[in-house]
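Participant: can you look at this prediction? I've put the sequence above it.
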Amino acid sequence: MDERAVLQVNLRQSAPIPLAARFDCGAGELVALVGPSGSGKTTILRCVAGLNRPDEGDVRCAGEVWLDTANGINLAPQLRSVGIVFQSYALFPHLSALGNVESAMAHVAAGEREGRARDLLELVHLSGLEERLPRQLSGGQQQRVALARALARDPAVLLLDEPFSAVDRVTRRRLQRELAQLRARIRMPIVLVTHDLDEARVLADRMVILSHGETLQDGPTMQVMARPATAQVARLLDQNNLFEGRVLAQHRDEGKTLLSWLDYTLDAAYAPAFDVGDPVAWMIPPECVILHRRDRPSAGERENPVSGMIREYVPMGESTSIALDVGAPSGVPLAMSIVTHHARRNNLAVGDQVSVTLLTSGIHLMPPADDVAGGRPAERPTRRA
Amino acid sequence: MNWPALLLSLKLSAWTVVWLLPFGIVVARQIAWREFRGRAWVEALVALPLVLPPTVLGYYMLSVFGGATPIGSAWQSVFGHQLAFSFDGLLLASILFNIPFAVQPMQRAFQSIPLDVREAAWCSGMSAWRTFLTIEFPLAWPGIVSALVLTFAHTMGEFGVVLMMGGNIPGETQTIAIAIYDRVQAFDEPGAATMSGLLLAFSMVAIGAVYALSNRIGRRHG
């Protein structure tokens, strides 16, 4: 564990939800716990807050031991300095917005509570609505009250359980932006539970990928997104372009690994972890698949050219999603996304034969998995458009 | 109008409410929120007086607390009077018979408080006691008030178990319901009519108040 981390979490249990989770969160850092429904994200958050007790594990925060099952330590939620925003917000329905925030201020002198509660409501842009009851507030406003109440305790760690899932998309975007702005003013570690990959990508410094309660990968968000550790993580990250190949050669000097895939030899970013002859799983993000222009071929088309037939052509607003049948034995198509007007200019249609470039820098190699390019997981984190 | 009987009924109802308020809250919270073995049997036990003929309860109470029983004898030696056919015995019978009227509305009230609201209170640093006082009680109070009004009104009208356990001793155990029966037996039609009318009006006002309260709270939290 990182000794500089403010929050250190290590949990194990076998039932009712299996857990084998381990992650840290530093001061001012936002860590997103990402995984499909039932992956144990919320259970982990509840274990940190003291609302669930795992079979084994320890939770330390700012030098305090909150949970240490080996030594029989399990502090009650009241004794853990957490601020939590529940998915349902869990506001006290009989108290005003101000009352909700003040209720978490037992540690503040009675005479100062109202002033500080008003400051917090101003921080979350709710000035003027202090006396409203929760039912008189919109979903977004309720979420802000819940956030202000969570901050009212001056917590050592802020826990957010799917805090944006119950509001409409426009409100969600606005609240996400406000959270990003708020982070500049608070230094506590923040743990965000979400099944929304885009939300995690825009908000989190680090991502912890979970499946069935187990930490599959933990790292900086961009690194996890672009370089999933395993094919399973890649699938959880909604990476559809996942195939099997074999390492043909390693060219360390040129920074390349040659990959054999179908009838092609592809240049991939140098991946020293694999030996020549190793079977590998590999992926490429759709944005690294570049369509060749039919009317004006260019020199760039010499980079990993692959041809195939358009199986799906789905215009979705400004971008068009295209699935190419490249003859993979599993039948998995190569997915790409291009600007809609570009697609129209090229007169693309289902059944057309086209060629594309797979950007070398976008090809990422992983250890082989039994079911790569085979079956699909039943449920994955969702990506909102 | 038999004023001593009315006053006795009011006194009995008030004391029943006083005892069942804390008892009901404790039991209702446990049944509402805790999973434990035999919970269904505890709920059945709480509901039993609803379906049991009052005479059956009265019979068993006399069997357990009567003067010749060990408990009855012990009571007599400590307090100097027997439990059966006394106000104390009447109160005990009334408390037992009113348990479902007190517990069930409170149970429903506590069950309607979402778990995450209580958890939010704990995570806001509130102790269990402060959570009860500032969150649970205010949210459950309409149910608690309903329970107490129902208990009070039901005690005012209770007849069978009161007659079995208390007898019909004027000034001691003769409640207004028994006094009405007494008047009818004595062919005192006007006396029975006055007291019956009073009990009818009282019950109507009490039940009406409960429904009005429920509707008001329903609108407020809806």
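Facilitator: On my side now, so go ahead.
Participant: which residues does residue 109 contact?
Facilitator: Picking chain A for this. Residues near residue A:109 by C-beta atoms under 8 Å, 6 or more residues apart in numbering or on different chains: none. The C-beta positions use only the backbone N, C-alpha and C, and glycine is treated the same way.
Participant: hmm, I had chain B in mind actually
Facilitator: B:28, B:139-144, B:146-147.
Participant: mind showing which ranges of the chain have poor pLDDT?
Facilitator: You didn't say which chain, so I picked chain A. A:1-5, A:295-300, A:370-385 (pLDDT under 70).
Participant: look at chain B instead
Facilitator: Applying pLDDT under 70 to chain B picks out residues B:217-222.
Participant: tell me where it has helices.
Facilitator: Assigned by DSSP state H, chain B shows helices spanning B:3-33, B:39-51, B:54-65, B:70-79, B:87-111, B:115-123, B:128-131, B:137-157, B:160-166, B:176-185, B:189-221.
Participant: can you tell me which residues in the stretch 151-300 of chain A are near chain B?
Facilitator: A:152-153 (C-beta under 8 Å from any C-beta of the partner chain).
Participant: now the closest residue to chain B within the stretch 151-300 of chain A: closest residue in space, sequence neighbours ignored.
Facilitator: Here the residue of the stretch 151-300 of chain A nearest chain B is residue A:153; by C-beta to the nearest C-beta that distance is 5.5 Å. Leaving aside its chain neighbours, residue A:153 sits nearest to residue A:104 (4.7 Å; criterion: C-beta to C-beta, 6 or more residues apart in numbering or on different chains).
Participant: number of residues surrounding that neighbour?
Facilitator: 26 (other C-beta atoms under 10 Å in any protein chain shown).
Participant: show me what contacts it?
Facilitator: Counting by C-beta under 8 Å, 6+ apart, residue A:104 has contacts A:83, A:149-150, A:152-153, B:124-125.
Participant: just the ones of the residues you listed in helices?
Facilitator: Those of these lying in helices (DSSP H): A:149-150, A:152.
Participant: export these as CSV, with columns for distance to residue A:100 and neighbour count.
Facilitator: Shown next, in CSV, are these (distance: C-beta to C-beta, whole Å; neighbours: other C-beta atoms under 10 Å in any protein chain shown):
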residue, distance to residue A:100, neighbour count
A:149, 5, 32
A:150, 10, 24
A:152, 9, 26
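Participant: just the closest of the residues you listed to residue B:153, please.
Facilitator: Minimum distance to residue B:153 across the ones in helices among the contacts of residue A:104 is 40.1 Å, recorded for residue A:149 (C-beta to C-beta).
Participant: that closest one: what's it in contact with?
Facilitator: A:83, A:91, A:100-101, A:103-104, B:120, B:124.
Participant: can you confirm the residue nearest to residue A:153 is in a helix?
Facilitator: No: assigned with DSSP: H, G, I helix; E, B strand; the rest coil, residue A:104 falls outside any helix and is coil.
Participant: what parts of chain B come near chain A?
Facilitator: B:114, B:116-117, B:119-127, B:130, B:134-135, B:138-139, B:221-222.
Participant: for PyMOL, what selects the buried ones among the residues you listed?
Facilitator: To isolate the buried ones among the residues of chain B next to chain A in PyMOL, judged by 16 or more other C-beta atoms under 10 Å in any protein chain shown, type:
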select buried, chain B and resi 116+117+119+120+121+122+123+124+125+126+130+134+135+139
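Participant: tell me which element the nearest residue to residue A:360 once chain neighbours are set aside falls in.
Facilitator: Nearest non-adjacent residue to residue A:360, counting by C-beta to C-beta, 6+ apart: residue A:267, 4.5 Å away. Taking DSSP states H and E as the definition, residue A:267 sits inside strand A:264-269.
Participant: what about residue A:236, how many residues nearby?
Facilitator: When counting by other C-beta under 10 Å, one arrives at 24 neighbours for residue A:236.
Participant: isn't it right up against residue A:207?
Facilitator: No: the pair residue A:236 / residue A:207 is not scored as a contact, 10.4 Å apart, by C-beta atoms under 8 Å.
Participant: identify the contacts common to those two.
Facilitator: Shared contacts of residue A:236 and residue A:207, defined by C-beta under 8 Å, 6+ apart, are found at residue A:34.
Participant: residues contacting residue B:119?
Facilitator: Contact analysis of residue B:119 by C-beta under 8 Å, 6+ apart lists A:49, A:51, A:77, A:86, A:90.
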